[in-house]
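J.: Need the 3D shape of this:
(one chain, ligands or ions: 2)
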Amino acid sequence: MTAFADLAIDQDIVDQLTEKGIEEAFPIQEQTIPISLPGQDVIGQAKTGTGKTFGFGIPIVQRLGKDPEPGVKALVVVPTRELATQVYEDIDLLTRGRSTSVVAIYGGKAYEGQIEQLRAGAQIVVGTPGRLIDLAGQGLLDLSNATEVVLDEADKMLDLGFLADIEKIFQRVAQKRHTQLFSATMPGPIVALARRFMSNPIHIRASDPDEGLAQANIRHVIYRAHQLDKDEVIGRILQANGRGKSVIFTRTKRQAQRLVDELADRGFAVGGVHGDMGQEQRERSMAAFKAGKRDVMVATDVAARGIDVSDVTHVINHTIPDDEKAYLHRVGRTGRAGREGIAVTFVDWDDLHKWALINRALDFGQPEPTETYSTSPHLYSDLDIPEGTKGRIAKAPTKKSGEDNKRGNADEGRSRRRRRSSNDDRQRTPHKQEGEGTHDGSGKEHHDGKPAAARRRRRRRRSSGQTQQGA
Ligand SMILES: Nc1ncnc2c1ncn2[C@@H]1O[C@H](COP(=O)(O)OP(=O)(O)OP(=O)(O)O)[C@@H](O)[C@H]1O
Ligand SMILES: [Mg+2]
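T.: Numbering: from 1, shown residues only. Ligands and ions are numbered 1, 2, ... in the order given. Sure thing, here's the model as predicted:
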């Protein structure tokens with residue numbers, strides 16, 4: 001490993017990293033920073049949690065100089081709002097020793113603060129496509145001097161769901177520029193497409209060729225589980241020895257909220273992050289998870305990419321991801337920065353074909369996931385769950401955390417759904433909301449196997465006598 005100080009990085013940036021205890025560069029940083037600093041276009045590919053953010057962030061900050069003129073000179077585009085906040089924070093850290101300022105521009109938030117920071121002369125913008133285009137269209141965000149452009153989660157940004165937006169953004173930034181694309185996954189056709197936006201890029205893959213595609217620090221456990229038993233299995237896994245923070249992924253927003261409610265009832269400190277939640281609520285939930293106030297987060301694929309929370313020991317795929325890329329990004333929320341993690345994936349009977357494709361793509365050699373029940377002895381031994389554990393925390397939740405859960409999440413989710421019942425149809429138009437990503441359940445809300453109409457009726461009945469807020 002090479003020290004950051006030996007990579008021709010300015011001392012003030014090295015100092016900020018050192019203050020965070022970060023001194024040795026990770027491989028992707030060691031390989032891309034020296035060529036990126038002089039302005040070489042780069043496609044940087046490295047596994048999840050291996051430091052890609054500083055890999056592109058350091059060259060941007062340094063190339064703008066110590067005291068850049070006011071006005072946007074660098075743009076980092078990311079797929080979700082949560083990731084915008086996080087990348088903003090990482091780059092903000094790098095700029096602390098200089099006058100450069102950074103702003104996060106994303107939807108679901110008031111415009112004023114963002115516009116104010118742009119007016120004040122912010123030089124680096126980190127944002128999601130919808131709001132960026134919105135502000136640029138209103139003449140409030142001038143990208144014509146953006147000579148540093150980054151697509152983080154680049155394969156996602158060049159995927160069909162975002163490509164049109166990305167094209168619009170590239171039309172607005174400077175022609176002559178330094179462009180960096182980063183992701184853990186970079187399929188060949190996307191790399192070919194990416195070249196359209198770059199000039200003579202170098203594609204760097206920082207991984208050991210013998211290592212395989214999956215993160216070596218993650219133990220992958222695959223079970224064929226039964227729909228009705230999954231909550232119980234999850235409740236038991238959440239009591240495994242050594243279990244720290246855990247992220248559970250579902251396919252749809254509704255599945256996510258249902259599981260939040262269920263796990264809260266079972267006594268776990270759980271929150272959600274999905275597209276049916278308001279942005280404030282999403283941010284509060286994420287903050288509570290980061291702070292460890294809640295140690296279980298149930299999310300849709302909106303939280304699958306890029307999100308970095310330390311001490312996530314377990315990722316559980318309640319529903320199988322769409323493909324091997326989604327698998328790698330989801331499970332990559334654990335096993336970060338050299339730590340170890342466990343990923344448990346439930347495969348439904350109906351999803352065996354999907355699993356077969358993922359298994360083949362990742363060369364797991366496990367085409368037949370083990371049939372697993374909450375009572376299966378191998379569940380306990382595989383995951384180090386104490387004997388006799390049941391899927392519910394024996395002790396009723398303490399009043400404080402129980403109330404907190406309700407106020408913070410489980411209950412807010414319920415009331416949102418109540419509200420939805422009256423304007424259900426409008427809400428369900430298959431329009432991709434900015435920041436959600438294409439896998440966030442839009443257009444797929446009923447794929448959880450339950451008839452929507454029946455649920456709506458049930459909900460309406462439950463909500464009779466309640467005030468219909470916001471309806
Ligand atoms: N050189 C380093 N030494 C120690 N920790 C580091 C170093 N570089 C980055 N980190 C830390 O590693 C963690 C993961 O970094 P980062 O989020 O950039 O990963 P990533 O490669 O972008 O992952 P993903 O593909 O999931 O987006 C972060 O907490 C970051 O602060
Ligand atoms: Mg990242």
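
J.: Next up, the contacts around residue 178.
T.: By CB atoms under 8 Å, 6 or more residues apart in numbering, residue 178 lies in contact with 36, 39, 40, 41, 59, 63, 147, 148, 149. C-beta: built from backbone N, CA, C; applies to glycine.

J.: looking at these, which has the most residues close by?
T.: residue 59 (27 neighbours; other CB atoms under 10 Å).

J.: State whether it and residue 150 are indeed in contact, as I suppose.
T.: No. The criterion here is CB atoms under 8 Å, and residue 59 misses it with residue 150 at 9.2 Å.

J.: Report the set of residues contacting both of the two.
T.: Listed as contacting both residue 59 and residue 150 by CB under 8 Å, 6+ apart are residue 180.

J.: Now do residue 308: how many residues are near it, please.
T.: Other residues near residue 308 come to 19 when the count uses other CB under 10 Å.

J.: What residues does it make contact with?
T.: Applying CB under 8 Å, 6+ apart to residue 308 gives the contacts 49, 53, 86, 336.

J.: which residues does whichever residue of the stretch 51-200 of the chain sits closest to ligand 2 contact?
T.: Proximity of the stretch 51-200 of the chain to ligand 2 (CB to the ion) peaks at residue 52, 4.7 Å away. By CB under 8 Å, 6+ apart, the residues touching residue 52 are 28, 44, 46, 152, 182, 183, 184.

J.: my guess is residue 361 meets residue 212, correct?
T.: No. Using CB under 8 Å, residue 361 is not in contact with residue 212, being 11.1 Å away.

J.: Now do the domain split for the chain, please.
T.: The chain resolves into domains spanning 2-205, 218-397 when parsed by automatic domain parsing.

J.: Among the contacts of residue 52, which ones are in strands?
T.: Assigned to strands by DSSP state E, the following of these qualify: 44, 152, 182, 183.

J.: Farthest pair within these?
T.: Spatial extent of the ones in strands among the contacts of residue 52 (CB to CB) is set by the pair 44 and 152 at 9.9 Å.

J.: Can you tell me which residues in the stretch 301-450 of the chain are near ligand 1?
T.: 306, 308, 332, 336, 337 (CB under 6 Å from any ligand atom).

J.: Identify, from those residues, the entry nearest to ligand 2.
T.: residue 306 (4.0 Å).

J.: Can you tell me the SS state at the closest one?
T.: Using DSSP: H, G, I helix; E, B strand; the rest coil, the structure places residue 306 in coil.

J.: show me the contacts for it.
T.: Applying CB under 8 Å, 6+ apart to residue 306 gives the contacts 53, 78, 79, 80, 83, 86, 87, 152, 153, 329.

J.: so can I have JSON lines of those showing neighbour count and pLDDT?
T.: JSON lines is the format used below for these (neighbours: other CB atoms under 10 Å; pLDDT from 0 to 100):
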{"residue": "53", "neighbour count": "23", "pLDDT": "98"}
{"residue": "78", "neighbour count": "29", "pLDDT": "98"}
{"residue": "79", "neighbour count": "28", "pLDDT": "98"}
{"residue": "80", "neighbour count": "27", "pLDDT": "97"}
{"residue": "83", "neighbour count": "27", "pLDDT": "98"}
{"residue": "86", "neighbour count": "22", "pLDDT": "98"}
{"residue": "87", "neighbour count": "25", "pLDDT": "98"}
{"residue": "152", "neighbour count": "27", "pLDDT": "98"}
{"residue": "153", "neighbour count": "26", "pLDDT": "98"}
{"residue": "329", "neighbour count": "25", "pLDDT": "98"}
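
J.: Take these and keep only those in helices.
T.: Judged by DSSP state H, the contacts of residue 306 include 53, 83, 86, 87, 329 as members of helices.

J.: possible to save those as CSV with distance to residue 6?
T.: Shown next, in CSV, are these (distance: CB to CB, whole Å):
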residue, distance to residue 6
53, 20
83, 30
86, 27
87, 25
329, 31
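
J.: Now do the contacts for the residue in the stretch 101-250 of the chain positioned nearest to ligand 1.
T.: Closest contact between the stretch 101-250 of the chain and ligand 1, by CB to the nearest ligand atom, is at residue 184 (4.0 Å). Residue 184 sits next to 45, 46, 47, 48, 50, 52, 328, 329, 332 when contact means CB under 8 Å, 6+ apart.

J.: what does the average pLDDT come to for the helix or strand hosting residue 203?
T.: For residue 203, the host element (DSSP states H and E) is strand 202-205. The average pLDDT for strand 202-205 rounds to 97.

J.: Tell me which other helices or strands it touches.
T.: Here strand 202-205 touches helix 27-36, strand 42-45, going by 3 or more CB pairs under 8 Å, 6 or more residues apart in numbering; DSSP states H and E.

J.: can that strand be found next to ligand 1?
T.: No. Strand 202-205 does not reach ligand 1 (CB under 6 Å from any ligand atom); its nearest approach is 12.7 Å.

J.: Would you mark the buried spots in that strand?
T.: Residues of strand 202-205 classed as buried by neighbour count (16 or more other CB atoms under 10 Å): residue 204.

J.: what's the answer for stretch 303-310, then?
T.: Neighbour counts over stretch 303-310 (16+ other CB under 10 Å) mark 303, 304, 305, 306, 307, 308, 309 as buried.

J.: Quote the end-to-end distance of stretch 378-387.
T.: For stretch 378-387, the first-to-last residue distance is 11 Å (CA to CA, to the nearest Å).

J.: outside of that stretch, which residues touch it?
T.: Residues outside stretch 378-387 that contact it (CB under 8 Å, 6+ apart) are 221, 223, 233, 236-237, 239-242, 342, 344, 370, 372-373, 389.

J.: Just the buried residues out of the residues you listed, in ChimeraX syntax.
T.: A single ChimeraX command is used to select the members of the contacts of stretch 378-387 judged buried by 16+ other CB under 10 Å:
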select :221,223,233,236,237,239,240,342,344,372,389
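
J.: from the contacts of stretch 378-387, which single one is nearest residue 119?
T.: Among the contacts of stretch 378-387, residue 342 lies closest to residue 119 (CB to CB), at 47.2 Å.

J.: before we move on, what SS does the closest one have?
T.: Residue 342 - assigned by three-state DSSP - is strand.
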